[in-house]
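Peer 1: Model the structure of this input:
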Amino acid sequence: MNEDLGDGADGGVPVEPRTASLLDILRVGTVMLDDDGRILLWSPTTEEILGWEAGQTMGRPITEFLAPGEDVAIRHELRHALRWRGILHVHHRQGHVVEVEGRASVLTDTESHPFVLADIVETSRIRAVEHDLAALDALFVSSPLGIAFFDTDKRYVRVNEALARLHGGPADSYPGKSVHEVLPPAMAAEVAAVQASVLKTGRPVVDRLVRAPDGVGARSVSYSRLADHDGTVLGVSCTVMDMTERRDALRKAESARERLALLDDVGVALADLLDVHAVSQALAAALVPRFADYAGVMLAAPLAEGGELPGADAEPVPGTPLMQAGYAARDAGPVVDELFHVTQEAAYLPGTLFGRVLHTGAPLLTTTWEEITEAADPDDPKLDIARELGIHSLLAVPLRARGIVLGVLIISRAKGRDAFGAEDVGLAMELSDRAGISLDNARLYAREREGALMLQRSLLPQRVPEAPGIEVAYRYLPASSGIEVGGDWFDVIPLAGGRVALVVGDVTGHGLRSAVTMGQMRTAVRTLAALDLPPDELLRRINDLADGLAEGGPDGTLVATCLYAVYDPSTRRCALSTAGHVPPLLLTRSGDAPDAGWRARALDLPTGAPLGVGGVPFETTEIDVEDGSVLVLYTDGLVESRGEDITEGLERLRTLLTRAPARHDGPAPRLEGLCDELLADLTSRNGAEAADDVALLMARLGGLPEGSAASWTFAAERYAVRHARRVVRAALHEWGLSALEDTAVLLVSELVTNSQRYAHGPIGVRMVRGSSLLVEVSDPLPDPPRERSVTTDDEGGRGIQLVAREARRWGTRHGPMGKTVWFELALP
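Peer 2: Got it, this is the predicted structure:
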């Protein structure tokens, strides 16, 4: 036998590699005793436990190694029960005591001789194993997690009750089965693939989410490979956690977060919108596709068209039209366009879907197609379109503000999406309430803005007077709906002698206060213009009135810019003065040839300070104007753009004016066309959102027809009156105005007489034939004549009374050389 063993060890018969087992961990030693208690066998493991070699113990009594008295109990048990188990304290060779747990039995050999066979294990090791097993048992019993062990064939070895409850069936029915016999096929295939991967690679799978066997719940599964101390693979362990409640809680939390985010995003989208159509479109766009597949906003037609709404207690009137003000759709196409056509109307009828929502003010929820068909009008052609789009759930909520129903928000979901629920209704109501406030704010703003614009337009010239030698074109463009009305204005004021004043100004700020202040300033300018003041003097007086014009304003101050120009067609001279306003441009021919082009230049004027600032004197600049030149007055809204220096805007305007006349037929540009081109350029640059209002005034400056004016100068002698009467009569006869000779000669005689008597200097007489007959008498005396009461006994003092009675209008004006008294007579 020894030979056979040797041959095998040398390579004859293969020897199975030794694998570790629980016995290696426990170290079970074996001892054999004869009937007298002497040692017959001392195994190698016993040597490891106690340190005594077999040769040192053979034949010696076991009592030499035991603690005193412990052998008594052992002998008693063996004599009566033939077996024993208990705890022993054995002396180690190194002197310390080793506590072991032993098992002993009395056996007999073939000759009936008795002997004792005992096995011993260190209590420290067996207690550790017992603790591990107890912990494992406790874990299996008390853990809320499902736990399972699988062997290398991926069959259940052991499962706890928690896993059995999760998967169904008693725990003792699982051992020996594979997952294919316990779980649904799809889930079983997924789990088996994970088990195979873990067994092969040893890489654990942690917290993998899978569906529950019922297809509704959720499970978190973790797998790891089981191996002994030597690395031998024993199988796979699995833990299963029921994640259904946690998943549902997470879904609810995520849903709540998404709802809050949607509410916040809708609030941001609607925050700065002040147009009902823009609010409606922004609301619909914010809901698709985050909350619905299709969304439409139907508003009461009066609201959509800027009209008034009924009171909070008023019942909706049957037949009240509802207008589609905005929509958004998941998919685009002709079918969607037919369902959501902006500006289409639908009449409110009791009993219909819209009617019930409008009448009750309560939301309407449908979760199936059948409920939709029951709620809608069966004859409504949109039902077929909704069916074609796959809509299966619809939610209609009222849009309200201050107790007034403004319209209806209709949102729907199509196939592939869950129907609306109770939480969705609450969210939709919150959204509609916020949108209702925005819609009402937009309605109120539109009404107030329209009122301010109406006031502003009423304060601007409704038409401009015709003046000889001048052609005028003008435009006023209010700012976009997102900005309040401004204080830009213009005016054309006829003056004595056929002259005309051209004015443009800009009151700083926006809103009703600016519009009112603009109207006050325009009235003040027209009033002072009637005094025939020089431009700089007029601006100085307006500046003195600034504090009075600003009373009641938000900060009690007035800051405004203004440009005042006076043009005399008889002399073709223009006098201008500016108070901090943007410079005017003059468009003139670039040469004398008929086909010469045009050039625009900014007039170099002393800028002055804006009205209300003070501290800077105003100056008047006079220029000679070529016949047919175009004077362009405007406000800064025409040349200012966000992110651009105003000088760039001025240069762009100058370039446009230079090039634009070439696109007009005829020898001179059409002023109306020029105005349109400048505003079109402004719109193309800024889009529909003009940041400021614009006032634009263009005047083509020309002269009077040949022979329309005559002037004379006389010395302050007695013959001056006689000569003046003669030349005036001759001129009127030449002009074919003999019917005015007597009146004109009489009034000129009176005025020249006054000048000759008091002025002691040269006397000027000038007549201009235009829409009326203008007569002017000038002298160096600065003091104007005054009307006074005379009696029948007075010989003089009736001259000014005659002028005031016979003339259509009359007045005086000051000049650098004295004064001028003028009067007008209507042409026959």
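
Peer 1: what pairs with Leu586 across the strands?
Peer 2: For Leu586, the beta-bridge partners under DSSP bridges are Arg601, Leu631.

Peer 1: Help me confirm that it comes into contact with Arg599.
Peer 2: No - taking C-beta atoms under 8 Å as the definition, Leu586 is not a contact partner of Arg599, at 9.2 Å. Where C-beta positions appear, they are placed from N, C-alpha and C, glycine not excepted.

Peer 1: Settle it for me: which of these two has more neighbours?
Peer 2: Summary of the neighbour comparison: Leu586 and Arg599, criterion other C-beta atoms under 10 Å, with Leu586 having more neighbours (20 against 15).

Peer 1: How about the contacts made by that one?
Peer 2: If a contact means C-beta atoms under 8 Å, 6 or more residues apart in numbering, then Leu586 has 600-601, 603, 623, 625, 629-632 as its contacts.

Peer 1: What is the nearest of those residues to Thr367?
Peer 2: Of all the contacts of Leu586, the one sitting nearest Thr367 is Val632; the distance, using C-beta to C-beta, is 65.9 Å.

Peer 1: What segments of the stretch 551-700 of the chain are helices?
Peer 2: According to DSSP state H, counting those that start in this stretch, the stretch 551-700 of the chain carries its helices in the segments 646-659, 671-686.

Peer 1: I'd like the ones you listed laid out as CSV, including mean neighbour count and mean pLDDT.
Peer 2: Converted to CSV, the helices of the stretch 551-700 of the chain look like this (neighbours: other C-beta atoms under 10 Å; pLDDT from 0 to 100):
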stretch, mean neighbour count, mean pLDDT
helix 646-659, 16, 87
helix 671-686, 16, 85
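
Peer 1: hang on, the earlier thing: drop anything exposed from the contacts of Leu586.
Peer 2: Restricting the contacts of Leu586 to buried positions leaves 600, 603, 623, 625, 629-632, with burial counted as 16 or more other C-beta atoms under 10 Å.

Peer 1: Contacts for stretch 751-762, please.
Peer 2: Applying C-beta under 8 Å, 6+ apart, the set of residues contacting stretch 751-762 from outside is 713-718, 720-721, 724, 763, 765, 777-781, 785, 799-800, 803, 818, 821.

Peer 1: go with 6 Å
Peer 2: Where contact means C-beta atoms under 6 Å, 6 or more residues apart in numbering, the residues beyond stretch 751-762 that reach it are 713, 716, 720-721, 724, 763, 777, 779-781, 799, 821.

Peer 1: buried set for it?
Peer 2: 751-756, 759, 761-762.

Peer 1: Kindly indicate which of those residues lies nearest Leu453.
Peer 2: Distance ranking of these against Leu453, using C-beta to C-beta, places Leu751 first at 47.6 Å.

Peer 1: Helix, strand, or coil at that closest one?
Peer 2: Going by DSSP: H, G, I helix; E, B strand; the rest coil, the secondary structure assigned to Leu751 is helix.

Peer 1: what's Asp293 in contact with, if anything?
Peer 2: For Asp293, the residues meeting the contact criterion (C-beta under 6 Å, 6+ apart) are 330, 413-414.

Peer 1: if you set the cut-off to 7 Å instead, what comes out?
Peer 2: Contacts for Asp293 (C-beta atoms under 7 Å, 6 or more residues apart in numbering) come out as 330, 412-414, 417.

Peer 1: just the residues you listed now: which is nearest Ala579?
Peer 2: Minimum separation from Ala579 among the contacts of Asp293 (C-beta to C-beta) is found for Arg330, which lies at 58.2 Å.

Peer 1: thinking again about what came up before, so which of the helices of the stretch 551-700 of the chain is nearest Ala227?
Peer 2: Using C-beta to C-beta as the criterion, the shortest distance between Ala227 and the helices of the stretch 551-700 of the chain is 75.5 Å, found for helix 671-686.

Peer 1: Point out the other helices and strands that that closest one packs with.
Peer 2: Counting by 3 or more C-beta pairs under 7 Å, 6 or more residues apart in numbering; DSSP states H and E, the packing neighbours recorded for helix 671-686 are strand 470-477, helix 646-659, strand 694-701.

Peer 1: now the angle from it to strand 470-477?
Peer 2: On the basis of axes from the mean of the first three to the mean of the last three C-alpha atoms, to 10 degrees, helix 671-686 is oriented at 30 degrees to strand 470-477.

Peer 1: got a list of contacts for helix 671-686?
Peer 2: With C-beta under 7 Å, 6+ apart as the criterion, helix 671-686 contacts 471, 473, 475, 477, 630, 638, 641, 656, 660, 664, 694, 696, 698, 700.

Peer 1: Make a PyMOL selection of the buried ones in these.
Peer 2: Command for PyMOL, covering only those of these found buried under the criterion 16+ other C-beta under 10 Å:
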select buried, resi 471+473+475+477+630+638+641+656+660+694+696+698+700
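
Peer 1: ok, so of the contacts of helix 671-686, who is nearest Glu99?
Peer 2: Ser641 (97.5 Å).

Peer 1: so Trp84 bridges to which residues?
Peer 2: When bridges are assigned using DSSP bridges, the partners listed for Trp84 are Ala104.
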